[in-house]
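A.B. asks: Structure, please.
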Amino acid sequence: MAITQTTLYSRYMQASEALEEHAVKVAEKLSGGNSDKQLIHKYNLMSSWMDYIKDFISVSSVVEGATPGSLIMPQITGPFITDPATLAYIGACIVLGIRDNEGTYITIGRVNRANADTWKDDLYEAINSRTIITGIKCTPRSTSTALYEIVFTEQSDKYNGQYLLVSPGLTIADGYVFEPVRGGATPSVFEGKNLTDEQISKFNSVLEDIAIELKISYNKNSGNIVSY
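C.D. replies: Got it, this is the predicted structure:
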């Protein structure tokens, strides 16, 4: 009965695991002074076949996506400057940003530095108004060290390992620690390589011979695998 490529892949994985265990036994015999050339030859032949098949055999796989864990934006205690000359020197805006893993700077939110009474609310609105562009939003998280919770809305790994960036010249609340982005995963699909019926038959024959040599039976509960 013809087998599927998925079944062939399952057999290959089982044979690979069994061969690793066999390699340990071979090494133990050799270290004990056993120089059985036939034993070594058979092991090398099976290893060569497994290495050869590895370049052909594969199955479709899916990587599940995940949004990164949220970050905490620090409380900013100042300075809030109105002097035009000073603003021209340090910048007129409070800017929150982040870099992606390609080094591109992403502006999360930008507000006028001089608006000491409204900048927090302004920044909240600015961040959430850009969510459709950045894939980042914020929610209230007011504590002595935290201002907002920065939430990532897209399943992606592009920000993993990166940190929030705030404008220079700002005073951050004592005790705040910048943490990196963690846990993001970009969903992806690997289609695998399609084998011909002739290739499947040939490789299956090799795996059957290896099973006999290693004295194993392929798990009948994995796909369409049949025990010998």
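
A.B. asks: State the distance from the residue nearest the centre of the chain to His41.
C.D. replies: With distances taken as CA atoms, centre = their mean, the chain has Ala185 as the residue nearest its mean C-alpha position (4.9 Å). In this view, Ala185 and His41 are 45 Å apart by CB to CB, to the nearest Å. No exception for glycine: its C-beta is placed from N, CA and C like everyone else's.

A.B. asks: Tell me the bridge partners for the closest residue in space to Trp119 that isn't next to it in sequence.
C.D. replies: Of all residues beyond its chain neighbours, the one nearest Trp119 is Val111 (5.0 Å), with distances taken as CB to CB, 6 or more residues apart in numbering. Beta bridges link Val111 to Ile94, judged by DSSP bridges.

A.B. asks: how's this protein carved up into domains?
C.D. replies: Per automatic domain parsing, the domain ranges recorded for the chain read 5-60+191-214, 71-172.

A.B. asks: With mean pLDDT, distance to Val181 and mean neighbour count added, can I get these in a markdown table?
C.D. replies: Written out in a markdown table, the entries for the domains of the chain read as follows (pLDDT from 0 to 100; distance: least, CB to CB, whole Å; neighbours: other CB atoms under 10 Å):
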| stretch | mean pLDDT | distance to Val181 | mean neighbour count |
| --- | --- | --- | --- |
| domain 5-60+191-214 | 88 | 29 | 15 |
| domain 71-172 | 83 | 4 | 16 |
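
A.B. asks: Which strands and helices lie in contact with the host helix or strand of Lys120?
C.D. replies: With elements taken from DSSP states H and E, the one containing Lys120 is helix 119-129. Based on contacts counted as 3 or more CB pairs under 8 Å, 6 or more residues apart in numbering; DSSP states H and E, the elements that helix 119-129 packs against are strand 93-99, strand 105-112, strand 136-140, strand 146-152.

A.B. asks: The last one pairs with which strands?
C.D. replies: The pairing partners recorded for strand 146-152 under DSSP bridges are strand 71-74 (antiparallel), strand 136-140 (antiparallel).

A.B. asks: Tell me which of these approaches Ser217 most closely.
C.D. replies: The stretch from the strands paired with strand 146-152 with the least distance to Ser217 (CB to CB) is strand 71-74; that distance is 51.2 Å.

A.B. asks: Dump that closest one to CSV, restricted to CA.
C.D. replies: Below are the C-alpha coordinates for strand 71-74, written out as CSV (Å, rounded to 0.1, in the frame of the first residue of the first chain):
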residue,chain,number,x,y,z
LEU,A,71,5.6,47.4,27.9
ILE,A,72,5.2,50.0,30.5
MET,A,73,5.8,53.7,29.5
PRO,A,74,7.6,55.5,32.4
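
A.B. asks: let's have the chain start at 8 instead
C.D. replies: Taking 8 as the first residue, the last one we looked at is strand 78-81.

A.B. asks: And for it, what's in contact with it?
C.D. replies: Identification of contacts with strand 78-81 by CB atoms under 8 Å, 6 or more residues apart in numbering yields 103, 145, 148, 152-157, 171, 173, 179-180, 183, 185-186, 188.

A.B. asks: next one: it to chain centre, how far?
C.D. replies: Relative to its chain's centre, strand 78-81 lies at 23 Å (CA atoms, centre = their mean, to the nearest Å).

A.B. asks: Stretch 23-35 now?
C.D. replies: 31 Å.

A.B. asks: Same check on stretch 160-173?
C.D. replies: Taking CA atoms, centre = their mean, the mean C-alpha location of stretch 160-173 is offset from the chain mean by 13 Å.
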